[in-house]
Structures are given as structure tokens and as C-alpha cells.
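Student: How does the following fold in three dimensions:
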Amino acid sequence: MKCKFFLWLAIRNRCWTADRLQKRGLPHPKSCPLCDQEEETAQHLLTSCVFPRQVWHHILEPLNLSRLVPRRTEESFAEWWRKALRKGRKDQQKGLNTLIILGAWMI
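Tutor: Sure thing, here's the model as predicted:
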């Protein structure tokens, strides 16, 4: 249930990342704590940052699904998720959906 709630927040860009903290006038880090290169946003933390993309690669590559690893230029986490499910085989969609949910939660 926590995973689903987290993803609900992430898809709606409601996670308390630096960009949202800044909008509220709250203290926040200047950049991503993982790469220290870009502003911390839910999108960046789940798909754009080099470190989460490595996590996705390590999750998807053993299943011969490395073609589904998010690109740095993906529109949003939700859009990447939809594209990944469409590109995957029909018989793999349920398992892939579970992998994406758990992968995002682990990141």
C-alpha cells in the first residue's frame, strides 16, 4: 500500500522534493543529493538522474528488457512507465508493472 501511495504522489509530482519545498519557502538542498548536478524533482529522482537510471538498468537488463531503461529526456516518470508497459510483451506486463512499482519504491 505504501508503494502505491508513493507512486500516486510521484505521478502527480507531489513528493516532498527540493522543487516542492522551494515553492513552499521551506529549507531544501540546492541540487540532487545523488548526482549533485540538477535540481531535485520527483521526475529527476526516478528517471532522469544517472543513479536511478543505473538502478533501472540493473533491474531490467537481466530480463533482456534493457531497451526499457528510461532515457534522460523522458517526459515524466508516468509517461516512461506507460511507454515501458506498451513496449513490453503482453505476457510480461503484470510482472513488469510490479518491477516498476518496486523499483521506484527502492529508489
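
Student: So the residue of the chain positioned farthest from its centre, which state does it fall into?
Tutor: Outermost residue of the chain with respect to the C-alpha centroid, by Cα atoms, centre = their mean, is residue 25; its distance is 25.0 Å. Classification of residue 25 by DSSP: H, G, I helix; E, B strand; the rest coil places it in coil.

Student: any idea how far residue 81 is from the most centrally placed residue in the chain?
Tutor: The centroid of the chain falls nearest to residue 46 when counting by Cα atoms, centre = their mean (2.3 Å). Between residue 46 and residue 81 the distance is 9 Å, computed by Cβ to Cβ, to the nearest Å. Heads up, the C-betas are built off the backbone N, CA and C, glycines and all.

Student: so where do the helices sit in this protein?
Tutor: 2-11, 18-23, 42-43, 50-60, 77-87, 93-106 (DSSP state H).

Student: quick one: contacts of the last one?
Tutor: In this case it means helix 93-106. With contacts defined as Cβ atoms under 8 Å, 6 or more residues apart in numbering, helix 93-106 is touched by 2-4, 6-7, 10, 46, 55-56, 59-60, 63, 65, 68, 77, 81, 84-85, 88.

Student: what does the shortest one give?
Tutor: Residues lying outside helix 42-43 but in contact with it, judged by Cβ under 8 Å, 6+ apart, are 9, 10, 13, 14, 15, 17, 74, 76, 77.

Student: ok, 10 Å please
Tutor: Residues outside helix 42-43 that contact it (Cβ atoms under 10 Å, 6 or more residues apart in numbering): 6, 9-17, 19-20, 49, 70, 74-80, 104.
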